[in-house]
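Asker: compute the structure for the input listed below.
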Amino acid sequence: MSYSAPVKIIDHIPRDFDMKRITRKRPLEQRRVAKQARQNVEPFSCEHPSLIWKVVVLVGALAIVAAALFQGVLNGSN
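Answerer: Residues are numbered from 1 along each chain as shown. Next comes the predicted model:
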């Protein structure tokens, strides 16, 4: 179908039919209560890693780097 072809008229939808969706807002007090409830949600404990886990990850990363350097030294001496 090209742009110059005539447009097909849809017969089963009346011409005066409003295609816009009617959205009704909740009362203002209900919206305020919902907004307040969303703000006071306690974050999960896994969202804030503790200092111990940060240290564990750092030590693990350093161990991986040290192992790679050690392997490089061993393989380079051959």
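Asker: ok, how many other residues are close to residue 15?
Answerer: Using other CB atoms under 10 Å, residue 15 has 6 other residues around it. In short, each C-beta sits where N, CA and C put it, glycine included.
Asker: the longest helix seen in the chain: how far from the chain's middle?
Answerer: The helix of greatest length in the chain, counted in residues with DSSP state H as the criterion, is given as helix 51-76. Put simply, helix 51-76 sits 32 Å off its chain's centre (CA atoms, centre = their mean, to the nearest Å).
Asker: and the average pLDDT for that helix is what?
Answerer: Averaged across helix 51-76, pLDDT comes to 91.
Asker: now stretch 17-25
Answerer: Within the predicted structure, the mean pLDDT of stretch 17-25 is 76.
Asker: which residues touch that stretch?
Answerer: Applying CB atoms under 8 Å, 6 or more residues apart in numbering, the set of residues contacting stretch 17-25 from outside is residue 31.
Asker: distance check, residue 56 against residue 11.
Answerer: To residue 11, residue 56 is 69 Å away according to CB to CB, to the nearest Å.
Asker: of the two, which one has the most company?
Answerer: Summary of the neighbour comparison: residue 56 and residue 11, criterion other CB under 10 Å, with residue 56 having more neighbours (12 against 6).
Asker: list the contacts for that one?
Answerer: Applying CB under 8 Å, 6+ apart as the definition, residue 56 turns out to have no contact partners.
Asker: how is residue 26 assigned, secondary-structure-wise?
Answerer: Recorded secondary structure, residue 26: coil (DSSP: H, G, I helix; E, B strand; the rest coil).
Asker: what number of residues lie near residue 72?
Answerer: 10.
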